[in-house]
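[1] sequence unknown, structure follows:
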């Protein structure tokens, strides 16, 4: 039993170090009146990522999709990135529970949903999706 506890304790710093080495992604913001006003003022869309700490594919997107240079370029050009964590926003988490995680919504500056997608998305597909939505929105 003691050997098992020691082995687990030795893994904790390694996993924390691995997380620290994860590539940087968007500077996620919170969904509130200020982000909606900013989207209107800057003529940008809100990219809302619904994520959860327990979600394996959310973590995979954090490592591969979000930090991808083409994905970051699309986000920087057309979107304000917003992340909603299930644990921090239980009302929204409950509203979209049936949609699964990860889930993505695109809102205009009025807060109206104009697109949605769920599940893990490879970087190239995410880039194409973001570009297509922006074009359809006239950006």
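    Yep, that arrived. Since the structure is predicted, the reported quantities are computational estimates derived from the model, not experimental observations.

[2] please make it C-alpha for all contacts and neighbour counts, starting now.
    Will do.

[3] who are the contact partners of the residue nearest the centre of the chain?
    The centroid of the chain falls nearest to residue 49 when counting by C-alpha atoms, centre = their mean (3.6 Å). Neighbouring residues of residue 49 by C-alpha atoms under 8 Å, 6 or more residues apart in numbering: 81, 82, 83, 84, 102, 103, 104, 105.

[4] hey, what's the first one bridged with?
    Residue 81 has the following beta-bridge partners by DSSP bridges: residue 47.

[5] give me every residue that touches it.
    Contacts of residue 81 (C-alpha under 8 Å, 6+ apart): 26, 27, 28, 29, 46, 47, 48, 49, 75.

[6] check the fifth one too.
    Remark: with contacts taken as C-alpha under 8 Å, 6+ apart, residue 102 is in contact with 49, 50, 51, 52, 55, 57, 58, 118, 119, 120.

[7] could you check which helix or strand contains residue 115?
    strand 113-118 (DSSP states H and E).

[8] which helices and strands does that strand pack with?
    If you count contacts as 3 or more C-alpha pairs under 8 Å, 6 or more residues apart in numbering; DSSP states H and E, strand 113-118 packs onto strand 103-107.

[9] now find how far off-centre the strand it packs on is within its chain.
    Put simply, strand 103-107 sits 9 Å off its chain's centre (C-alpha atoms, centre = their mean, to the nearest Å).

[10] same question for that strand, mean pLDDT?
    Taken as a whole, strand 103-107 carries a mean pLDDT of 89.

[11] not counting that strand itself, show me its contacts.
    45-51, 113-119.

[12] hmm, back to that, list only buried entries from the contacts of residue 81.
    Taking 16 or more other C-alpha atoms under 10 Å as the criterion, what is buried in the contacts of residue 81 is 26, 46, 47, 48, 49, 75.

[13] and which of the contacts of residue 102 is nearest to residue 65?
    residue 120 (8.8 Å; C-alpha to C-alpha).

[14] give the contact list for that closest one.
    Residue 120 touches 57, 58, 60, 61, 102, counting by C-alpha under 8 Å, 6+ apart.
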